[in-house]
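# predicted structure and sequence below. I'll ask about it afterward.
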Amino acid sequence: MNSSLQEQLQRIKPNLSKDITKSGHPEKMQKSSKKIRNKVKSNDPLFTLSRKVNLVCLPLLGTIEVYVKRQDIADALAKLGELPTRLVEYLKKLTLIDRNNELTAKGQEFMNTALLPTLERGLYHIWFAENDPLLLNAPILIQRIDAFATKELNKYRRYRGDTNQYLTEQLITTNLVIENNKSISIESVNARIKEVEVLCDTQGNSSLPLKWQLQQHSKAILSGKLNIEVPSKGRGSNSTIIEKEVSFNLPTSHNQYMEVMDSIGKRLNGQWDNQKKFFVLPFNETIDDKNTLNDLSLKTLPFKTVNSTSFGSFEIEEHQPLSISPMNSGDGEKWLEAWCKHYYQQKHKALIHAEKSQLEWLSQPELIAHDITPIQIDKMLAILGTEGKTTAYWQAAAGFDLMPHIAADYGVALTLDDNAEFELVKLINHLTNGRTIENIIISDRYFTTDHQQALLTSIAKKTGVSDGVFVTLEQMYKKKLPESWQPKFIDKSPDNHDRYWLFYTSAGLKCWKVSASLDFARESHGQWSVHGTPTFTPLDKRELPQYLHDIVEAFDRECV
């Protein structure tokens, strides 16, 4: 560039009259940076993969396009109306503005980055990865070489292979050696190899470890030592070779990340769900572990390497605990059975606490979508007894007997016999200890059959409650409630899978968990009978699931 033109560019400075770091709010800036640090910490890579990569240095005579930071030109474009004619013509020559002094598409792009493409023809030493399926033939490091200063020139031998394989079709992020006297530094640049006139055989090589950090925005890191030529001052002087510690951040694509995650999923006989960020796996011996099931995560893997068709083999250096989920609801039932076996193997738990733990486990994000049915105590004992009367079996059985059903504050647990005569008044007296009933809340997420409607209508009539609350799913609300009863709609989740009957009595709130829906009692020719073996289990208010506890609290506030 003409020196006078360069001087004009240097005189154009951006408006720095307002120092944000002084006149702004530093405390806000500190909070912002803290958020970023926390975000980075929470986005640690799922996997760190590694392998050795052999780098080779090939001398190349040709043309390279390098994108150079030109803040002086960006500042000039920002004040286009104030520029002298000579400088405006120079910007037109760079095709940053058109003949009407409007920004071109190239100019718009330049204003966003301040990077200007520059074509350079010369001699270079370029380091490439040798036969690496991930890095391919992309240039890893580019160094300009003074042909008059290098002592290696007489050793160059023409490369006999296909030189076109080293052309770079698209702009890539690579690294450029910057020389300063006898020292060197390395900067990240956007560049590409436009033309190869002469390519020579390998002038050096080095084996470096490649680490690939797998996450949404993955990156590969190549680090180690390279022997880099540094020219001496003065033409004809010999250059020197120095050993330089390097670390290159090499960009990888989302598709590459997905292919490797899919490969890992296949090794686990499942698949990777990128939207939900967990592996969907069938039940197997690896999953059948107390800690794995409790946390729904794999902390160790049954293999130490991963192979990708496109990117070759990597060692798994480390990984975070990996979230896992069943294949479907049927597979999820196997997970639940295994979890229960491990749960009861530890120590006996009162039935109420065991059922609460089961619902909490089923409410985890990895399971909730499968809508897995909780296991009732009778089925639980049958499952645990299939392998003999193990410790888990006796712990569960003992827990059943530890129910607080003999406490007067709770009431006595009750199971009705199949095909027995159904006497609603006696049942209600049992559930309320014969107290006066002031109101009722019933939670049953299905209300779709005539039998359910008939029993609920009969309950309202026999108790005299005219403004009860029925908690259910909106999409399963198909029948008409008793007159003046109000529906309360909830979202489907494991903790509302069970049914609950709550009675506000003159002696306080009586809470019951019911094992069957409202169609367990059916009327035929004026006679009611029991279908199935519904069990009524007394609960303390504190043992209600959270959704129902919230409804009770809101109901109590309305009453006040």
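All right, it came through fine. Numbers count the residues shown, from 1 in each chain.

# so which bits of stretch 442-460 are buried?
442-448, 451-460 (16 or more other CB atoms under 10 Å). (Each C-beta comes from the backbone N, C-alpha and C, glycine too.)

# just the ones in strands from these, please.
Among the buried residues of stretch 442-460, the residues falling in strands (DSSP state E) are 442-443.

# so where's this protein shaky on pLDDT?
1-43, 148-152, 180-182, 231-239, 347-352, 378, 387-390, 398-411, 560 (pLDDT under 70).

# tell me what the longest strand along it is packed against?
Identified as the longest strand of the chain according to DSSP E is strand 47-69. Applying 3 or more CB pairs under 8 Å, 6 or more residues apart in numbering; DSSP states H and E, we find strand 47-69 packed against strand 115-129, strand 139-145, strand 183-199, strand 204-214, strand 219-230, helix 254-267, strand 312-319.

# show me what counts as buried in the first one.
Okay, so that is strand 115-129. So strand 115-129, judged by 16+ other CB under 10 Å, has buried residues 115-116, 123-129.

# do the same with the third one
Residues of strand 183-199 classed as buried: 186, 189-193, 196, 199 (neighbour count, 16+ other CB under 10 Å).

# could those residues be laid out in CSV, adding distance to residue 327?
Output for the buried residues of strand 183-199, formatted as CSV (distance: CB to CB, whole Å):
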residue, distance to residue 327
186, 48
189, 47
190, 44
191, 47
192, 45
193, 48
196, 51
199, 52
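
# tell me which of the helices and strands packed on strand 47-69 lies nearest to residue 161.
strand 183-199 (8.1 Å; CB to CB).

# distance between the closest one and the chain's centre?
In terms of CA atoms, centre = their mean, to the nearest Å, the centre of strand 183-199 is set 37 Å apart from its chain centre.

# what packs against that strand?
Counting by 3+ CB pairs under 8 Å, 6+ apart, strand 183-199 packs on strand 47-69, strand 115-129, strand 139-145, strand 172-180, strand 219-230, strand 240-251.

# again, only using 7 Å
Helices and strands touching strand 183-199, by 3 or more CB pairs under 7 Å, 6 or more residues apart in numbering; DSSP states H and E, are strand 47-69, strand 172-180.

# among these, which is the most enclosed?
strand 47-69 (a mean of 19; mean count of other CB atoms under 10 Å).

# tell me which residues in stretch 499-506 are buried?
499-505.

# can you redo the residues you listed as JSON lines with distance to residue 551 and secondary structure?
Formatted as JSON lines, the buried residues of stretch 499-506 follow (distance: CB to CB, whole Å; DSSP: H, G, I helix; E, B strand; the rest coil):
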{"residue": "499", "distance to residue 551": "14", "secondary structure": "strand"}
{"residue": "500", "distance to residue 551": "10", "secondary structure": "strand"}
{"residue": "501", "distance to residue 551": "13", "secondary structure": "strand"}
{"residue": "502", "distance to residue 551": "9", "secondary structure": "strand"}
{"residue": "503", "distance to residue 551": "14", "secondary structure": "strand"}
{"residue": "504", "distance to residue 551": "13", "secondary structure": "strand"}
{"residue": "505", "distance to residue 551": "18", "secondary structure": "strand"}
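
# and the furthest pair within those?
Largest pairwise distance in the buried residues of stretch 499-506, by CB to CB, is 19.2 Å, between 499 and 505.

# dump the helices and strands packed on strand 47-69 into CSV; add distance to residue 84 as well.
Shown next, in CSV, are those (distance: least, CB to CB, whole Å):
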stretch, distance to residue 84
strand 115-129, 20
strand 139-145, 33
strand 183-199, 31
strand 204-214, 49
strand 219-230, 41
helix 254-267, 47
strand 312-319, 57
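
# for residue 369, find the nearest of the ones you listed.
Nearest of these (CB to CB): helix 254-267, 17.9 Å.

# so what does the closest one touch, helix or strand wise?
Counting contacts by 3+ CB pairs under 7 Å, 6+ apart, helix 254-267 packs against strand 204-214, strand 271-273, strand 305-308.

# which secondary structure elements does the helix or strand following the second one contact?
For strand 271-273, the succeeding helix or strand toward the C-terminus, using DSSP states H and E, is strand 278-280. For strand 278-280, the packing partners by 3+ CB pairs under 7 Å, 6+ apart come out as strand 271-273, strand 322-325.

# show residues contacting strand 278-280.
The contact list for strand 278-280, computed with CB atoms under 7 Å, 6 or more residues apart in numbering, reads 265, 268, 270-273, 322-325, 327, 366.

# closest one of these to residue 282?
Distances from residue 282 to those, taken by CB to CB, are shortest for residue 327, at 5.1 Å.

# secondary structure class for the closest one?
Secondary structure, DSSP: H, G, I helix; E, B strand; the rest coil: residue 327 is coil.

# check contacts around it.
Here residue 327 is in contact with 280-282 (CB under 7 Å, 6+ apart).

# how many residues are close by residue 159?
17 (other CB atoms under 10 Å).

# now swap in the one 10 residues further on and tell me
The local packing count at residue 169 equals 7, with neighbours defined by other CB under 10 Å.

# what about it, is that helix, strand or coil?
Assignment for residue 169 (three-state DSSP): coil.

# from residue 122, how far out is the nearest residue to it once chain neighbours are set aside?
Nearest non-adjacent residue to residue 169, counting by CB to CB, 6 or more residues apart in numbering: residue 192, 7.5 Å away. Distance, residue 192 to residue 122, using CB to CB, to the nearest Å: 15 Å.

# off-centre distance for stretch 241-254?
With CA atoms, centre = their mean, you get 28 Å for stretch 241-254.

# and what of stretch 202-209?
37 Å.

# export it as CSV, just CAs?
Backbone C-alpha positions of stretch 202-209 (Å, rounded to 0.1, in the frame of the first residue of the first chain) are rendered in CSV as follows:
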residue,chain,number,x,y,z
THR,A,202,8.2,-34.6,3.8
GLN,A,203,10.8,-32.4,5.5
GLY,A,204,9.8,-33.3,9.0
ASN,A,205,7.3,-35.3,11.1
SER,A,206,6.1,-35.5,14.6
SER,A,207,3.6,-37.7,16.5
LEU,A,208,1.2,-35.7,18.6
PRO,A,209,-1.8,-36.7,20.8
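
# and it, which residues are buried?
Neighbour-count burial for stretch 202-209 [16+ other CB under 10 Å]: 203-204, 206, 208.

# who touches it?
Outside stretch 202-209, the residues touching it (CB under 7 Å, 6+ apart) are 50, 52-59, 125, 152, 222-227.
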